[in-house]
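Trainee: Below: sequence and its predicted model.
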Amino acid sequence: MKLKTGAIFWAVAAVSAVSYIICAAFVAVAPGATTQFFGWVMHVDLTSLARQITWSSFFGGMVCYSLVMAVLAWASAWLYNRLVGGVK
């Protein structure tokens, strides 16, 4: 089965953008609690790294995060196709 790399790229970009928006909303509403929660998840003390979200940091972060995730998904799909012989 050949994967459609372009479709995977855009699907992951969209899902990543939505997850970034949800995360940014939590940081905007409860920055301390969100920082503490992610510190627990990563087993690291992040309390000194808390910061405010500006519109430019929000949009810049969302674009960068979504683009990196989409490129990684595209590369994974491309490699999968190569490994299973889907690309000639």
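Mentor: Happy to help now that I have it.

Trainee: what about stretch 14-34, distance to the chain center?
Mentor: Between the centre of stretch 14-34 and the centre of its host chain there is 11 Å, according to CA atoms, centre = their mean, to the nearest Å.

Trainee: pLDDT averaged over it, what's the number?
Mentor: For stretch 14-34, mean pLDDT rounds to 94.

Trainee: try stretch 66-79
Mentor: 97.

Trainee: what comes into contact with that stretch?
Mentor: Judged by CB atoms under 8 Å, 6 or more residues apart in numbering, the contacts made with stretch 66-79 from elsewhere in the structure are 3-6, 8-14, 16-17, 20, 87. Placement of C-beta: from N, CA and C, glycine included.

Trainee: And that stretch, what's buried?
Mentor: Within stretch 66-79, the residues that count as buried by 16 or more other CB atoms under 10 Å are Ser66, Met69, Ala70, Ala73, Trp74, Ala77, Trp78.
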